[in-house]
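Asker: Coordinates only, no sequence provided:
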Ligand SMILES: *Cc1c(COP(=O)(O)O)cnc(C)c1O
């Protein structure tokens, strides 16, 4: 057994037993193999290094109440990774291959999955890179898909604590018809400076507006925007430059199950004043409640505790993760 203090895990890289690697060459994928190395041997002119021909995913495996290990909606990540890859002229990733890769690597690292009750999970990070030397700009012919895993703790140790967000006025995240809807590393490199700007002013997260007009809410730096209106409706932007979050998709479904109306529509900045609850959602944290949003000299407050609707949604999705609540939509995939 690895010597890990499950209660002190954070969301950060940690070496585990193995990762799994598949190679695309001559127009097809190989059968993949587990590797115990934490390094890759790359050509210095590889297309991923120079021109960012790279994309990634993030999903989690959980130790459930009944002792089984299950992965949350990996079929969704498979489809999103394939769509992202095609968008940057990479190869398609067959869903069955992706699911098999996840099963193999999770199984091989089963001892690194935080036990039930610790609130932790095994974070699964697929990475796709173009590996051919390219100095003239064109897509690579060869690719490497690596799936690495690492145990992570709950983002919020002492319960869910709301954080403050700063609206970006001098930075945009993604162009309206650009790459905001795909999970490419370049979006994150471009987001480092705005995130630093917000952090240096005391805001853990930043909120981007739509790049074309700056009149509508787009998304937080690394997570989708969700709001609960005063009359209890779940609202989230239907922008084409935000990442289609699987967490958001799941929360919308659970909201509907609870009888909470769901609206996907443009959210004007002025509406921030009308919302009762605001949250940021994504796989790493599930939901981060927002206590306050600052936009220039205006500010909007949502309370210093997680609001009741977001709390119910948080409990509903985490209950499914750990097999404490019935998985009515068949979101969990068994390992083995
Ligand atoms: C990954 C990501 C999210 C969250 O997506 P999930 O599928 O819920 O993890 C949200 N916004 C951005 C920009 C992302 O890259």
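Answerer: Okay, I see it. Nothing here was measured: the structure is a model prediction, and the numbers come from that model. Numbering: from 1, shown residues only.
Asker: switch to C-alpha atoms for all contacts and neighbour counts from now on
Answerer: OK.
Asker: so what are the domain limits for the protein?
Answerer: Domains of the chain are assigned by automatic domain parsing as 6-152, 163-321.
Asker: tell me the mean pLDDT for the shortest one?
Answerer: For domain 6-152, the mean per-residue pLDDT is 97.
Asker: For the domains of the chain, could you give me TSV that also reports mean neighbour count and distance to the ligand?
Answerer: Shown next, in TSV, are these (neighbours: other C-alpha atoms under 10 Å; distance: least, C-alpha to the nearest ligand atom, whole Å):
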stretch	mean neighbour count	distance to the ligand
domain 6-152	19	6
domain 163-321	19	3
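Asker: Identify whichever of those lies nearest to residue 332.
Answerer: domain 6-152 (4.8 Å; C-alpha to C-alpha).
Asker: need the helices for the stretch 101-250 of the chain, in chain order.
Answerer: Remark: helices assigned in the stretch 101-250 of the chain by DSSP state H, counting those that start in this stretch are 185-200, 246-257.
Asker: which helices and strands does the longest one pack with?
Answerer: Secondary structure elements in contact with helix 185-200, counted by 3 or more C-alpha pairs under 8 Å, 6 or more residues apart in numbering; DSSP states H and E, are strand 54-56, strand 205-209.
Asker: Between those strands, which one is closest to residue 295.
Answerer: So among those, strand 205-209 is nearest, using C-alpha to C-alpha, at 9.2 Å.
Asker: Name the residues that touch the closest one?
Answerer: Residues outside strand 205-209 that contact it (C-alpha atoms under 8 Å, 6 or more residues apart in numbering) are 163-169, 171-173, 194-195, 198-199, 215-221.
Asker: Just the ones of those residues in strands?
Answerer: Those of these mapping onto strands are 163, 164, 165, 166, 167, 217, 218, 219, 220, per DSSP state E.
Asker: check which helix or strand covers the residue lying closest to the second one once chain neighbours are set aside.
Answerer: Counting by C-alpha to C-alpha, 6 or more residues apart in numbering, the nearest residue to residue 164 once its immediate chain neighbours are dropped is residue 292, at 4.8 Å. Assigning secondary structure by DSSP states H and E places residue 292 in strand 286-295.
Asker: Strand partners (parallel or antiparallel) of the helix or strand following that strand?
Answerer: Sequence order places strand 298-301 as the next helix or strand after strand 286-295, per DSSP H and E. The pairing partners recorded for strand 298-301 under DSSP bridges are strand 286-295 (antiparallel).
Asker: Let's have the helices of the stretch 101-250 of the chain in TSV, adding mean pLDDT and distance to residue 64.
Answerer: As requested, the helices of the stretch 101-250 of the chain are arranged in TSV below (pLDDT from 0 to 100; distance: least, C-alpha to C-alpha, whole Å):
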stretch	mean pLDDT	distance to residue 64
helix 185-200	97	31
helix 246-257	98	18
